[in-house]
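Student: Predicted model follows, preceded by the sequence.
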Amino acid sequence: MSGTWQGHPAGRPEWVGRVHDVPDHAEPTDQALPVASRRPVRAVLLDFHGTLAQVEKPRDWVLAAAATCGVRLDPVRATALADRLLTAGRAGGPLPARVPPHLAELWADRDLYAHAHRGAYTGLAATVDTGVDGLAEALYERLLLPEGWVLYPDTAPTLAALRAAGVRVAVVSNIGFDIRPFFAAWGIADLVDAFVLSYEVGRCKPDPAIFWRACGMLGVDPEETLMVGDSPADAGAVAAGCAALVLPAADPGRPNGLGSVLALTHGG
């Protein structure tokens, strides 16, 4: 089974790919099969950022980080700084407008090594003259706290429903730090069977190897696995033999259509 469901603007899943008979570790063939031939979904792979949780609002991020530096910023100034920092590049935010040459190597390796992830994003923040000593490091440290993130409303209920249905779950993320403590703090760690993090396994989405690793950790075949994310990198799971559901983007705290996963996993 392989193919891609793409998020409909109204949050409904839409099948947009062709279904291929793809064995493990093989390239997809050109032979089209009907959607009804899909094998039942026994496992779901979930992206983290943009799928299960979103970084806090930019102004809140700046205000909280500045407070740890002993500085109480005026909200208007914090908003202006947040805009400049987003342009420079924020982890969990839009791609930077420009990566300075001295950060190019760290940027390229940011999801493969913890030191590169920290170095890239603190380096980008340091290109902004904020007037607050130590703010670049404080902004990055905020990223490492559960308080710096906002769970989507559907996350916990969807994970609980998947567990109740006996569907195995792995979180598969391109990231440079450990997110397991977040799930423990949010009280949902026991709803995830495995974490497959790029900096730990040495592979980044859309490389098929990271999806194969996740399937292996769950003990399932790719053909009975659904990858759920919010980007083309997540849809890369199709090349590994999985199906893929691409969700629409959503702001922190707003539903993003994650609950539609349940209809797909129960429709086997």
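Tutor: On my side now, so go ahead.
Student: Which stretches in the stretch 151-268 of the chain count as strands?
Tutor: Under the criterion DSSP state E, counting those that start in this stretch, the stretch 151-268 of the chain contains strands at 168-173, 194-197, 225-229, 243-246.
Student: Run through the neighbouring helices and strands of the second one.
Tutor: So that's strand 194-197. Using 3 or more Cβ pairs under 8 Å, 6 or more residues apart in numbering; DSSP states H and E, the elements in contact with strand 194-197 are strand 168-173, helix 208-218. All C-beta atoms are positioned from the backbone trio N, CA, C, and that covers glycine.
Student: which residues sit against the shortest one?
Tutor: What that stands for is strand 168-173. Outside strand 168-173, the residues that touch it by Cβ atoms under 8 Å, 6 or more residues apart in numbering are 42-49, 52, 159, 162-163, 179, 183, 191-198, 205, 210-211, 214, 217-220, 227.
Student: Can you go through the residues you listed and name the buried ones?
Tutor: 42-49, 52, 159, 162-163, 179, 183, 191-198, 205, 210-211, 214, 217-218, 220, 227 (16 or more other Cβ atoms under 10 Å).
Student: could I get the helices and strands packed on strand 194-197 as TSV with mean pLDDT and distance to Leu73?
Tutor: Below are the helices and strands packed on strand 194-197 laid out as TSV (pLDDT from 0 to 100; distance: least, Cβ to Cβ, whole Å):
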stretch	mean pLDDT	distance to Leu73
strand 168-173	98	31
helix 208-218	98	39
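Student: now these in TSV, with distance to Ala263?
Tutor: Shown next, in TSV, are those (distance: least, Cβ to Cβ, whole Å):
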stretch	distance to Ala263
strand 168-173	16
helix 208-218	21
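Student: now, of the strands of the stretch 151-268 of the chain, which is deepest in the fold?
Tutor: Neighbour counts (mean count of other Cβ atoms under 10 Å) averaged over each of these peak at strand 225-229, with a mean of 28.
Student: Give the pairing partners of that strand; include direction for each.
Tutor: Paired neighbours of strand 225-229 in the sheet (DSSP bridges): strand 43-46 (parallel), strand 243-246 (parallel).
Student: circling back to that earlier point, redo the strands of the stretch 151-268 of the chain as JSON lines? Include distance to Ala91.
Tutor: Formatted as JSON lines, the strands of the stretch 151-268 of the chain follow (distance: least, Cβ to Cβ, whole Å):
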{"stretch": "strand 168-173", "distance to Ala91": "12"}
{"stretch": "strand 194-197", "distance to Ala91": "14"}
{"stretch": "strand 225-229", "distance to Ala91": "17"}
{"stretch": "strand 243-246", "distance to Ala91": "21"}
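Student: Of all the ones you listed, which one comes closest to Leu139?
Tutor: strand 168-173 (20.0 Å; Cβ to Cβ).
Student: Can you give the distance from that closest one to the centre of its chain?
Tutor: Here strand 168-173 shows a centroid-to-chain-centroid distance of 10 Å under the convention Cα atoms, centre = their mean, to the nearest Å.
Student: Can you list the strands that it pairs with?
Tutor: According to DSSP bridges, strand 168-173 forms sheet pairs with strand 43-46 (parallel), strand 194-197 (parallel).
Student: quick one on the thing from earlier: the strands paired with strand 225-229: lowest mean pLDDT?
Tutor: Mean pLDDT is lowest for strand 243-246 out of those, coming in at a mean of 94.
Student: Just send the strands paired with strand 168-173 back as CSV, with distance to Ala64 too.
Tutor: Compiled in CSV, those are given as follows (distance: least, Cβ to Cβ, whole Å):
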stretch, distance to Ala64
strand 43-46, 27
strand 194-197, 24
